[in-house]
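Student: show me the folded form of this:
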Amino acid sequence: MRATISRSELHAFVRTLGGDPDDTLRVEIVPDGVTVTTYTRDEQGRRVVADGDLATEVATIAIVGDGDADTVRMRHPGIGREVDVPASAVGHHAVAGWEVVPPPAEQSAAPESDAVMTALKAESASVEEQPTTEPKKSPRRRKNPEEES
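Tutor: Residues are numbered from 1 along each chain as shown. Sure thing, here's the model as predicted:
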């Protein structure tokens, strides 16, 4: 087990979960999911204070599928193709702009009851309504040698 993790690797991990590292208070990983606690922001982007403390939101992300602990499927937006990356190198790839490819939706062998399906749809609808923050883009731009002349 490693003794340390770089801040860049940690921020890349939080971004792969869909979070903003500046708003993340806690990340907890358990065998069946990842729980992320973030600070709540208002419409103006300010952190919300409730009862003298900063308000927080908790999101639980389910871990699905069997998975292969040795590799993770990743894609680089510039390349456009998917590759299997050693699990030990996922943090390094994420820092370099690679994105984790979610596993394909698994088909359930047993039919779900209508009540369970309705509950799942309602839960997914409430998750979709939550605001998300996009990673901050760098304003830097490389100069084209033709533009300089």
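
Student: pull up the gap between Ala55 and Pro21, please.
Tutor: Look at Ala55 and Pro21: by C-beta to C-beta, to the nearest Å, they are 18 Å apart. Backbone N, C-alpha and C define where each C-beta goes, glycine included.

Student: next: Thr71.
Tutor: When distances are taken as C-beta to C-beta, Thr71 and Pro21 turn out to be 25 Å apart.

Student: enumerate the positions of the helix or strand in which Phe13 is found that are buried.
Tutor: Assignment of secondary structure by DSSP states H and E places Phe13 within helix 7-16. Of the residues in helix 7-16, those buried under the neighbour-count criterion (16 or more other C-beta atoms under 10 Å) are 9, 11-16.

Student: got the domain ranges for this structure?
Tutor: As assigned by automatic domain parsing, the chain contains the domains 1-63, 66-104.

Student: distance across the longest one, terminal residue to terminal residue?
Tutor: Right, the one you point to is domain 1-63. 22 Å (C-alpha to C-alpha, to the nearest Å).

Student: use 205 as the first number from now on
Tutor: Will do, 205 is the new start, and the previous item becomes domain 205-267.

Student: quick one, strands of the chain?
Tutor: Using DSSP state E, the strands of the chain run over residues 228-234, 237-243, 253-254, 257-258, 260-266, 275-279, 286-290, 303-304.

Student: quick one: residues in contact with the fourth one.
Tutor: So that's strand 257-258. Contact with strand 257-258 is made by 243-244, 251-252, as judged by C-beta atoms under 8 Å, 6 or more residues apart in numbering.

Student: same thing but at 6 Å, please
Tutor: Taking contacts as C-beta atoms under 6 Å, 6 or more residues apart in numbering, the residues outside strand 257-258 that touch it are 243, 251.

Student: what mean pLDDT would you report for that strand?
Tutor: The pLDDT scores in strand 257-258 average 92.

Student: before we move on, what about the third one?
Tutor: For strand 253-254, mean pLDDT rounds to 92.

Student: sheet partners, orientation included, of that strand?
Tutor: On the basis of DSSP bridges, the sheet neighbours of strand 253-254 come out as strand 257-258 (antiparallel).

Student: do the same with the last one
Tutor: Strand 303-304 sits in its sheet next to strand 275-279 (antiparallel), going by DSSP bridges.
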